[in-house]
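Colleague: let's see this in three dimensions:
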Amino acid sequence: MALLTDLLGPMRDLAIVIATVALASGLLWVADRWLIQRRAHKARHRPLRQLTMIFFSLTALVAVVLSLPMDADVKKELLGLMGIVLTGIIAFSSTTFIANIMAGLMLRSVESFSPGDFIQAGDYFGKVTERGLFHTEIQSEDRDLVTLPNLFLAANPVKVVRSSGTAVSCDLSLGYDVPHQQVEDLLKEAALRAELEDPFVQILTLGDFSITYRAAGFYRNVQHLLSKRSALRAAILDELHGAGIEIVSPTFMNQRKLPDGRKFIPGVRATGARAKEASAIFPETLLFDKANRAQRMEMLESKRVEIQQALKDWPGDADPESPEARAEQKRLQTQLTISESLLAREKEKEPQ
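Modeller: Now for the predicted structure:
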């Protein structure tokens, strides 16, 4: 009987430890899945989810230590050691670890940009794909993913392209032999040809050998910003070459013997259906696929939450039995089903 008791004691202690580990793991998994389902696609809530999971993990670790078959004094010493190690880790990494967390929280409170926005910080330009507790991820013009520490974004100016529209511009230099009135008219025409609104031209500098101009116009659909910049440059080339204006450096030198009056302007090719078809292809769809997906999910989730709130407030002051209130409820439920279906479909489209 004493032998059985000696065997059952350690087994009971081991069972308690195993049960505690299993329960803690299960609760962490449930909490993670619940937070992911509710807030993972909302980028601004991701830091809160990460902080919550860190807190739950530390709590689970303490529970496992308390369940170990040890003396109370040993458990206290072990918990004290864990506290010292944790404090040391935070102290040694505070310059980056804590600083990035604080910078991430600051960026969330400011809300200067969100997934899908074009931003430029230092030499980095791209479209925001993800905002985390420690870093922000952007997708560059080459479709590559660039991870920027939140501390870097907090310490450097961040230029955000407004979703309501931005100015698309192009700078170029021409010689003093070309009248600036003619250049300004041609550049404005090029901006209109590139389908920019309210075009304008600025004279930036009067150099020793050339004048620097800037042609610009307003563009509303910032999703195709790169394509529109290229279209403006192409239109400028066509307009200036069509008017017989050379776009070469004033110090241009060519040692080949050429006829007098030879101008260095390529022959103008007729633009047909193939050119129009090429202009309708937007490379941003491929280059910023992950950022576009994050933006769509953000919009779909916002719409879903809005519809859920409307259903929660239904019928308001109206009679719930009236045909109008019933029709409104049915419409909201249909929109909610569609939004959830589209959101689930976007989650399945994980970019490679």
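Colleague: now the helix or strand hosting residue 127, how far from the centre of its chain.
Modeller: Assigned by DSSP states H and E, residue 127 belongs to strand 124-131. Taking C-alpha atoms, centre = their mean, to the nearest Å, one finds strand 124-131 lying 4 Å from the centre of the chain it belongs to.
Colleague: so after that strand, what's the next helix or strand?
Modeller: Assignment by DSSP H and E places the next element after strand 124-131 at strand 135-139.
Colleague: quick one: residues in contact with that next one.
Modeller: With contacts defined as C-beta atoms under 8 Å, 6 or more residues apart in numbering, strand 135-139 is touched by 100, 104, 107, 119, 124, 126-131, 145-150, 153, 287-291. No exception for glycine: its C-beta is placed from N, CA and C like everyone else's.
Colleague: how about 6 Å then?
Modeller: 126-130, 145-149, 153, 288, 290-291 (C-beta atoms under 6 Å, 6 or more residues apart in numbering).
Colleague: show me what the helix or strand just after it is packed against.
Modeller: Using DSSP H and E, the helix or strand that follows strand 135-139 in sequence is strand 145-149. Contacts defined by 3 or more C-beta pairs under 6 Å, 6 or more residues apart in numbering; DSSP states H and E place strand 145-149 against strand 135-139.
Colleague: partners of the strand it packs on, with directions?
Modeller: In the sheet, strand 135-139 lines up against strand 124-131 (antiparallel), strand 145-149 (antiparallel) (DSSP bridges).
Colleague: just how off-centre is it within its chain?
Modeller: Distance, stretch centre to chain centre, for strand 135-139: 6 Å (C-alpha atoms, centre = their mean).
Colleague: distance of the residue positioned nearest the centre of the chain relative to residue 159?
Modeller: Centroid-nearest residue in the chain, with C-alpha atoms, centre = their mean: residue 128, separated by 1.5 Å. Distance, residue 128 to residue 159, using C-beta to C-beta, to the nearest Å: 12 Å.
Colleague: so where's this protein uncertain?
Modeller: Along the chain, the parts satisfying pLDDT under 70 run over 1-11, 13, 35-49, 89-95, 249-258, 264, 266-282, 286-287, 315-318, 349-352.
Colleague: what ranges does it have for its strands?
Modeller: With DSSP state E as the criterion, the chain has strands at 118-121, 124-131, 135-139, 145-149, 158-160, 166-175, 197-206, 210-219.
Colleague: closest one to residue 64 among the ones you listed?
Modeller: Ranking these by their distance to residue 64 (criterion: C-beta to C-beta) puts strand 135-139 first, at 29.8 Å.
Colleague: adding distance to residue 229, write the strands of the chain out as TSV.
Modeller: Shown next, in TSV, are these (distance: least, C-beta to C-beta, whole Å):
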stretch	distance to residue 229
strand 118-121	12
strand 124-131	12
strand 135-139	17
strand 145-149	20
strand 158-160	15
strand 166-175	6
strand 197-206	14
strand 210-219	9
